[in-house]
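Peer 1: build me a structure from this.
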Amino acid sequence: MNQTRNKDNDLQRAIDEITQKSGGAKPAAPAPAGQPPVAMMPPAAQPAPKPAQPAQPVMPQMPSMPQMGGYGRGGMSYGGSSDISKVKEAALKELFPIMDRVEVEPEKRFLLYQEMLTSMRDKAVIAPAYEAARQIRDDKVRADSLLYLINSIDEMSL
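Peer 2: Now for the predicted structure:
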């Protein structure tokens, strides 16, 4: 009987050591003589609380674009340039009304308007493109820009 009690006490000590190492419940008091020891079980495993995540910045609402199939990221087909050119055209259309907020040199501003004219073929782009061309300091670059505008106006008039 003493051997059984010693084995029970050894078992209880082993359980106590395990629960102490794992941060579980406090060890049980030794069992009174004549009663078998009651093993303390660690509390049921509970899912760890999720760490607080920082607030995500609110992104502006993007205009809806048609879904594009194909390969690559985001479902865009990088093999065809027509998908990319549609995105570029949409971006240029969205940029046009807020172009006055873009801080760039007059040459680069004109190049942006030139892209808009090429892509959108909208006569509303001509006047701001002309103003940007007039602000270009280099005579040759300004002359080339004005000639581009003249040719674009001629093409649109046909």
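
Peer 1: for V104, grab phi and psi.
Peer 2: phi -140, psi 170 (degrees, to the nearest 10).

Peer 1: again with E105
Peer 2: phi -60, psi 150.

Peer 1: got the confidence number for it?
Peer 2: Looking at E105, its pLDDT reads 95.

Peer 1: and it, how many neighbours?
Peer 2: Residue neighbour count, defined by other C-beta atoms under 10 Å, stands at 12 for E105. Every residue, glycine included, has its C-beta placed from N, CA and C.

Peer 1: again, but for the one 5 residues further on
Peer 2: Here the neighbour count serves as a burial measure; for F110 (other C-beta under 10 Å) it reads 27.

Peer 1: identify the residues contacting the helix or strand where V141 lies?
Peer 2: Assigned by DSSP states H and E, V141 belongs to helix 139-157. Contacts to helix 139-157, defined as C-beta atoms under 8 Å, 6 or more residues apart in numbering, come from residues 107, 110, 114, 117, 121, 123, 126, 129-130, 132-134, 136.

Peer 1: for this protein, which spans come out with low pLDDT?
Peer 2: By pLDDT under 70, the low-scoring segments of the chain are 1-7, 19, 21-81, 158.

Peer 1: mind running it again at 90?
Peer 2: 1-83, 85, 119-121, 156-158 (pLDDT under 90).

Peer 1: would you map the helices across the protein?
Peer 2: 2-21, 81-95, 106-120, 126-134, 139-157 (DSSP state H).

Peer 1: angle of the last one against helix 106-120?
Peer 2: The directions of helix 139-157 and helix 106-120 differ by 20 degrees, with axes from the mean of the first three to the mean of the last three C-alpha atoms, to 10 degrees as the criterion.
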